[in-house]
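Engineer: here's a sequence, model it:
(one chain, ligands or ions: 1)
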Amino acid sequence: MLFAYMFVDVMSPLQSLIETQRGWSPDAFGYYAGAEYILNVFGFLILAGIILDKMGVRFTGTLSASLMVAGACIKLYAISNLFQGTALELWLSSWWTSMPGSAKLAAFGFMIFGCGCEMAGITVSKAIAKWFEGKEMALAMGLEMAIARIGVFAIFSISPRLAEWISPQDPSVVPPVAFCTALLFIGLISFMVFTVMDKKLDAQLGAKALANDETAEEEFKLSDVANIFGSRLFWIIAMLCVLYYSAIFPFQRYAANMLQCNLGIDATTASDIFRWFPIGAAVLTPALGYFLDRKGKGATMLILGALLMIVCHLTFALVLPKYPTEWLAFSAIVLLGISFSLVPAALWPSVPKIMDKRFLGSAYSLIFWVQNIGLSLFPILIGVVLTASNPGVTDPMKYDYTNPMLLFASLGVLALIFGLWLKTLDAKKHYGLELPNISDDKEEKIFEEEGRTQE
Ligand SMILES: NCCCC[C@H](NC(=O)[C@@H](N)CC(=O)O)C(=O)O
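Structural biologist: Presented below is the predicted three-dimensional model:
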């Protein structure tokens, strides 16, 4: 997931460079960014859930990592000089002319990569649930997300520098994308190593299940999808998820350029400010996962996270253009990092509390599916709003980001409403969202078990 998240954002700090170098307008960049989710939205994620439940973590993980590598190679070819002037490039550039041929092929590669990336996301959630059942699951999920955030931090630092690495006078988007493609190969190999370990765990679990006379794993049934869709709680969680994440990941794509435009700084300086967003989240998410495991307050954390996000986006929309200082931008970025720890740390471990264990794999894939609809539409919408709010502006350093940022803030307000609704329902129906995952006697059991394992 570390290398996957690096690949997702490798182009984010290079928006102005790709505009100058390959002629991608903000609209084209928005379509390219949204492409990551298109196939998932058109049903691939549901299929991925079925594949995961039918074929298991090892097969699905290997397949998803291979898809990511294949998609990355296509995207690398699309932005490289090799592709320029080919018959395919000329043909792709001959229709829908506002979207250059390189952007179209890169978007196609990103689409394939996106299928692998999201499939890997649900596979990893299921693998963590399997490996940490009855233990510190929220902490484990928090650590997994933290590692992924470190990848985003790293890529915002590395990408602009790699772009200038070969020729500082003539920077190029190719070296950073090539670097991340190579990392994805390493990721595929790492997952293959994990499959060996997972096989061993299965052997141990099989022996344990036989000893306890437990029945086999739950099976995915198509009727489960209808059950999940019929659940009001599922929809509240899914809406909260799609609204919150649509104001985070698409923002991440535009953040560096937004900072450049407001502060008049170069891409490297903007990335250096923005990279504290994922690193703040990386530090805090596991800590909050640990807190959630032991103290609870999941619904309150979701509300607090949405509130902080509204404050930050409103600051970028209304305050930063009037008081363009780096410390103000930096403070808002750090605050957004705290918000981005609170919500994911509470959201993903809450799903097992409100969904039947039998539905869990499918529930995750369906929440991802709803979320992907937002994640595919919002980068496009933001690109369109940005272009419409800046008629006649051709310099990528001169965009006014007020309207796109207000749009992000309004998503936060809606997420807050769903968070409040969830907390009210939880208080009435006692789903246990505010309760800890590990009770004192469970904790004692874990220590006892760990003690036995070490013995
Ligand atoms: N085990 C993974 C939990 C989800 C983490 C979450 N990622 C997502 O929601 C992805 N579907 C989004 C994406 O891939 O763009 C996160 O907080 O990163």
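Engineer: buried residues, the helix or strand where I373 lies. List them.
Structural biologist: Per DSSP states H and E, I373 falls inside helix 360-389. Within helix 360-389, the residues that count as buried by 16 or more other C-beta atoms under 10 Å are 360-383, 385-387. C-beta here means a position set from N, CA and C on the backbone, and glycine is covered the same way.
Engineer: one more: stretch 227-245?
Structural biologist: Quick answer for stretch 227-245 (16+ other C-beta under 10 Å): 227-228, 231, 233-234, 236-245.
Engineer: likewise for stretch 88-108?
Structural biologist: The neighbour-count check on stretch 88-108 (16+ other C-beta under 10 Å) flags 89, 92-93, 99-108 as buried.
Engineer: closest one of these to the ligand?
Structural biologist: Closest approach between the buried residues of stretch 88-108 and the ligand, by C-beta to the nearest ligand atom: A107, at 15.6 Å.
Engineer: spatially central residue for the chain, please.
Structural biologist: The centroid of the chain falls nearest to F249 when counting by C-alpha atoms, centre = their mean (6.4 Å).
Engineer: need the contact list for it.
Structural biologist: Going by C-beta atoms under 8 Å, 6 or more residues apart in numbering, F249 touches L375.
Engineer: by contact count, what packs against the helix holding I373?
Structural biologist: Judged by 3 or more C-beta pairs under 8 Å, 6 or more residues apart in numbering; DSSP states H and E, the packing partners of helix 360-389 are helix 26-35, helix 45-79, helix 101-131, helix 222-229, helix 232-246, helix 249-263, helix 326-354, helix 402-429.
Engineer: can you list the residues of the stretch 1-150 of the chain near the ligand?
Structural biologist: Proximity of the stretch 1-150 of the chain to the ligand (C-beta under 6 Å from any ligand atom) is limited to residues C117, E118, G121, V124, S125, M141, E144, M145, A148.
Engineer: repeat the analysis, applying 8 Å as the threshold.
Structural biologist: Counting by C-beta under 8 Å from any ligand atom, the positions of the stretch 1-150 of the chain adjacent to the ligand are 1, 4-5, 8, 36-37, 114, 117-118, 121-122, 124-125, 128, 141, 144-145, 148-149.
Engineer: quick check, pLDDT for the residue in the stretch 151-300 of the chain that the ligand sits nearest to.
Structural biologist: Residue nearest to the ligand within the stretch 151-300 of the chain: F249 (5.0 Å; C-beta to the nearest ligand atom). pLDDT, F249: 89.
Engineer: tell me how far it lies from G61.
Structural biologist: Separation of F249 from G61 (C-beta to C-beta, to the nearest Å): 22 Å.
Engineer: again, but for F378
Structural biologist: 28 Å.
Engineer: same thing with F194?
Structural biologist: When distance is defined by C-beta to C-beta, F194 is 7 Å away from G61.
Engineer: which of those two has more neighbours?
Structural biologist: Set F194 next to G61 and count neighbours by other C-beta atoms under 10 Å: G61 wins out with 25 against 16.
Engineer: tell me the mean pLDDT over the helix or strand encompassing S190?
Structural biologist: S190 belongs to helix 174-212 when elements are defined using DSSP H and E. Here helix 174-212 scores 88 as its mean pLDDT.
Engineer: by contact count, what packs against that helix?
Structural biologist: Packed against helix 174-212 by the contact rule (3+ C-beta pairs under 8 Å, 6+ apart) you find helix 2-9, helix 45-79, helix 101-131, helix 137-165.
Engineer: would you turn these into a markdown table with mean pLDDT and distance to W24?
Structural biologist: Conversion of the helices and strands packed on helix 174-212 to a markdown table gives the following (pLDDT from 0 to 100; distance: least, C-beta to C-beta, whole Å):
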| stretch | mean pLDDT | distance to W24 |
| --- | --- | --- |
| helix 2-9 | 93 | 16 |
| helix 45-79 | 92 | 10 |
| helix 101-131 | 92 | 5 |
| helix 137-165 | 89 | 15 |
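Engineer: dump the ones you listed to JSON lines, plus distance to Y401.
Structural biologist: Below are those laid out as JSON lines (distance: least, C-beta to C-beta, whole Å):
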{"stretch": "helix 2-9", "distance to Y401": "18"}
{"stretch": "helix 45-79", "distance to Y401": "25"}
{"stretch": "helix 101-131", "distance to Y401": "21"}
{"stretch": "helix 137-165", "distance to Y401": "18"}
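Engineer: can you say which of those is nearest to I438?
Structural biologist: With C-beta to C-beta as the measure, helix 137-165 is the member of the helices and strands packed on helix 174-212 nearest I438 (8.9 Å).
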